[in-house]
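> Can you look at this prediction? I've put the sequence above it.
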Amino acid sequence: MTPGPEQHNGAGGATARSRPDNQPRPGGEPLLAVKGLTIDLPGGAVQRGLVEDVTFDVHKGRAVALIGESGCGKSLTSMAILGLLPAAVGVVAGSVLFDGVDLLTCTKRQLRRIRGGPVGMVFQEPMSSLNPTMTVGDQIAEVRRLHLGERRSVALKQARELLERVGIPKAEKRLRSYPHEMSGGMQQRVMIAAAIACEPKLLIADEPTTALDVTIQAEILELLRDLRRDLDLAVLLVTHDLGVVADFCDDVVVMYAGHIAERTPVDGLFYEPKHPYSSALLSAVPQSGRARTSLTVIRGRVPSAGQFPTGCRFQPRCEHSVDSFCTRPQADTALTDDRRTRCGRVAGGDLTLKGAVRG
C-alpha cells in the first residue's frame, strides 16, 4: 500500500505508525501568513510569473509542507519569506506577515535580526551552507553572539549544549571540528543546531533529508519532531518526499509551475486529493509489496517560466483534461474551511480523484 498518513516511517518505507504530533485544527491568527506572493524575473513578459499568487498560513506548533516536482517554485517561495532571493529575482506583489510584521517591507538590517533569531533556516545542502574555514562550534556560537550579544565563551558553552540536544556524541570534542570532518547526517544536525540556537518561533527547512540514507533521514525527522514538541515550533518544510510529508506534517501546500494547485490537511491529500496533480504525485509513489510492477509516470515535464499554458498549468500533462474547460484559467476555489483547489472540474463536482489510501 502506498504510504498514507498513518503508515510511514518517514524515511522511504511504509510501516504502520500513528502520528501523535498531528495537532488539532488551529485557531487565531497564523504565525506566518503568506498572501498573494508573486515573484518575477524583471526584464520582459517572457520571464514573468516564476511564482504567482501564492497564499498559505503556518500556525504555531504546526508543520506545513510545500511539495511538488523540481522547478515548481517551492524553494523560491521559502527563500522569498526571508528576503534571500537571488539578486536578479524580485517579489512584485503580495505580503509575508510573520508575527504581524510584513517581512517584505523590512529593511536589510531588520531582516538580519529576524534570520537566525525568531526564524531559523535549514538549507538544502549543509556542506555548501556551512563555512569550511570555521569550526562548527564557532559557527553555532556566532548566531548567539550576533542575536543575543553573548561573549564567545558563553556562546560556545551554549553551542556544546545545542550539539548535545541534536544528538551529536562527544559534543565537547565536536565543537572544534570543521564541517569536512563530519558525516552528512552530522552536518545536517549542526545546521539544525545553528537554526534553533536562539529558540525560534518558526523553522524553515528546505529538503532537510535529501541525500541522507534511510536511517539518518528517520533520525533527522525524529529530531525535528522532538524540537516541535519542546519549543512549540512551527515548521515550513520544503520537500518532494511524500513519505516525509505523511510522517511529519499537518498541512500540505501542493505547488505546480509557480501556482498552488491544492491546500489541504495531510490526511485529505492521501485519502481524497482535490487536484489531478496531487493525485498524479500519489500514483507515482512506489507501491510496497508489489514487486516488478511499473511505476506510474507523469508524462511531460514542468514547463519553464514564460512557457506556462494559458489555462490550467497542469493541463498538458493531465489525464483528466477536457480541452473545452481546462484550457481556460482556473480559479483558486475554497471547498471547505481548510481545503482549496485550482481545478474547476473538481470544484464543480465533475471529477472525483483517487487517493493513495482508501477508507
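Cool, the structure landed.
> what about the strands in the chain?
Per DSSP state E, the chain carries strands over the ranges 32-40, 51-58, 63-67, 90-98, 101-102, 119-122, 202-206, 234-238, 251-256, 259-265, 333-336, 339-341.
> partners of the second one, with directions?
Taking DSSP bridges as the criterion, strand 51-58 forms sheet pairs with strand 32-40 (antiparallel).
> Then the last one?
Strands adjacent to strand 339-341 in the sheet, as given by DSSP bridges, are strand 259-265 (antiparallel), strand 333-336 (antiparallel).
> which outside residues touch the lowest-mean-pLDDT helix or strand in the chain?
In the chain, no helix or strand scores lower on mean pLDDT, DSSP states H and E than helix 126-129, which sits at a mean of 84. With contacts defined as Cβ atoms under 8 Å, 6 or more residues apart in numbering, helix 126-129 is touched by Phe123, Pro179, His180, Gly184, Gln187, Gln188, Val190, Met191. (Glycine included, C-beta is placed from N, CA and C.)
> want to throw the residues you listed into TSV with pLDDT and neighbour count?
Converted to TSV, the contacts of helix 126-129 look like this (pLDDT from 0 to 100; neighbours: other Cβ atoms under 10 Å):
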residue	pLDDT	neighbour count
Phe123	86	20
Pro179	94	21
His180	94	9
Gly184	85	15
Gln187	92	21
Gln188	89	30
Val190	93	26
Met191	92	28
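> Nearest to Pro208 among those?
Gln188 (6.3 Å; Cβ to Cβ).
> ok, that closest one touching Asp206?
No: counting by Cβ atoms under 8 Å, Asp206 is not a contact partner of Gln188; they are 11.6 Å apart.
> Check the contact lists of the two and give me the overlap.
Val122.
> for Gly149, phi and psi?
Main-chain torsions, Gly149, degrees, to the nearest 10: phi 70, psi 20.
> which residues does Asp323 contact?
No contacts exist for Asp323 under Cβ under 8 Å, 6+ apart.
> Beta-bridge partners for the residue nearest to the spatial centre of the chain, please?
The residue lying closest to the centre of the chain (Cα atoms, centre = their mean) is Val238, at 2.0 Å. For Val238, the beta-bridge partners are Leu66, Asp206 (DSSP bridges).
> roughly how far is stretch 218-230 from the heart of the chain?
Centroid displacement of stretch 218-230 relative to its chain, using Cα atoms, centre = their mean, to the nearest Å, is 15 Å.
> Val122 contacts Leu203, doesn't it?
Yes: Val122 is in contact with Leu203 according to Cβ under 8 Å; the separation is 6.8 Å.
> Spit out the residues that contact these two alike.
Ala195.
> Point out where the stretch 1-150 of the chain drops to low pLDDT.
Along the stretch 1-150 of the chain, segments meeting pLDDT under 70 span 1-27, 43-48.
> how about the helices in it?
74-81, 108-114, 126-129, 136-148 (DSSP state H, counting those that start in this stretch).
> Which of the ones you listed sits closest to Val252?
Of all those, helix 74-81 comes closest under Cβ to Cβ, at 11.8 Å.
> Which strands or helices does that closest one pack on?
strand 32-40, strand 51-58, strand 63-67, strand 90-98, strand 202-206, strand 234-238 (3 or more Cβ pairs under 8 Å, 6 or more residues apart in numbering; DSSP states H and E).
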